[in-house]
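> Build me a structure from this.
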Amino acid sequence: MDRLLVVIFGLMGVGKTTVARALGEARGWPVIHSDAVRKALAGLAPTTPALFEFGQGIYSKDFSQKTYTEMRRRAGELLDSGDTRVILDASFKSVGERDRVRELAREKEARVAFIYCFCPKELVRERLLKRRADRQAISDGRLELLDLQVEDFEPLTGADQPLLRLDTGQELAKVLQEVNGFLDSLPGS
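Numbering: from 1, shown residues only. All right, here's what the predicted structure looks like:
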């Protein structure tokens, strides 16, 4: 049985969730969204705003670790229950969190593929401003937190392979075409 964990990650506002949701729908793969998991762990409805300062409240280091641990637990359960492909959608800003996904992949005899999302900063700003007005938004990412997250994001390493650097500033259809080409080119696909 060929198993695959797809890690869609990057800064807030770059379109990770849009890509993860579209890929999951197109391929019929389950998606685990960090924003939804984080809110559930906090006992909040997904669309309840949790507007904490950077690194505080449910965005503290400890709560974030709890969130990522739960995401990995859910991914492991899905792989064990017969889902052979699982998508993880989160910032994965630390090398340690990316390492722990690789550990899970080894434990579950799965491959892992990383998709690092980015786009022009002006587009990120537009998306974050638009999100602020969206009452159905789950993410609490806000423009005033962006520069802090940029500073806090640990650089990619040679271990983050195979890796697709995905410009999400393009039309979604083109973005998905690029993602599908990357995934289809992986050994064992």
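> switch to C-alpha atoms for all contacts and neighbour counts from now on
OK.
> any idea how far V37 lies from R72?
Computed as Cα to Cα, to the nearest Å, the V37 to R72 distance reads 11 Å.
> Let me know the average pLDDT across the strand or helix carrying D184.
Per DSSP states H and E: D184 is located in helix 172-185. Mean pLDDT, helix 172-185: 97.
> shaky segments in the chain?
In the predicted model, the chain carries pLDDT under 70 at residues 1, 52-55, 134, 138, 140, 142, 189.
> What ranges does it have for its helices?
Using DSSP state H, the helices assigned to the chain run over residues 16-27, 34-41, 61-80, 95-107, 121-133, 143-152, 172-185.
> wait, which of those is closest to L4?
Among the helices of the chain, the nearest to L4 by Cα to Cα is helix 95-107 (7.8 Å).
> in that closest one, what counts as buried?
Using 16 or more other Cα atoms under 10 Å as the burial criterion, the residues of helix 95-107 that qualify are 97-98, 101-102, 104-105.
> Please identify which of those is nearest to R85.
Distances from R85 to the buried residues of helix 95-107, taken as Cα to Cα, are shortest for A105 (11.3 Å).
> Please report the distance of that closest one from G76.
Counting by Cα to Cα, the gap from A105 to G76 is 9 Å.
> okay if I get the helices of the chain as TSV plus distance to Q161?
Converted to TSV, the helices of the chain look like this (distance: least, Cα to Cα, whole Å):
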stretch	distance to Q161
helix 16-27	18
helix 34-41	21
helix 61-80	18
helix 95-107	10
helix 121-133	25
helix 143-152	21
helix 172-185	12
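> of all those, which lies closest to A113?
Ranking these by proximity to A113 (Cα to Cα) places helix 172-185 first, at 7.9 Å.
> which residues sit against the closest one?
Applying Cα atoms under 8 Å, 6 or more residues apart in numbering, the contact partners of helix 172-185 are 19, 22-23, 113, 115, 164, 166-168, 189.
> circling back to that earlier point, looking at the helices of the chain, which is nearest to D2?
Nearest of the helices of the chain to D2, taken as Cα to Cα: helix 61-80 at 10.2 Å.
> What residues sit buried inside that closest one?
Residues of helix 61-80 classed as buried by neighbour count (16+ other Cα under 10 Å): 63-64, 66-68, 70-72, 74-76, 79.
> With stretch 141-150 instead?
Quick answer for stretch 141-150 (16+ other Cα under 10 Å): 141-143, 146, 149.
> count of residues packed around L156?
When neighbours are counted by other Cα atoms under 10 Å, L156 registers 14.
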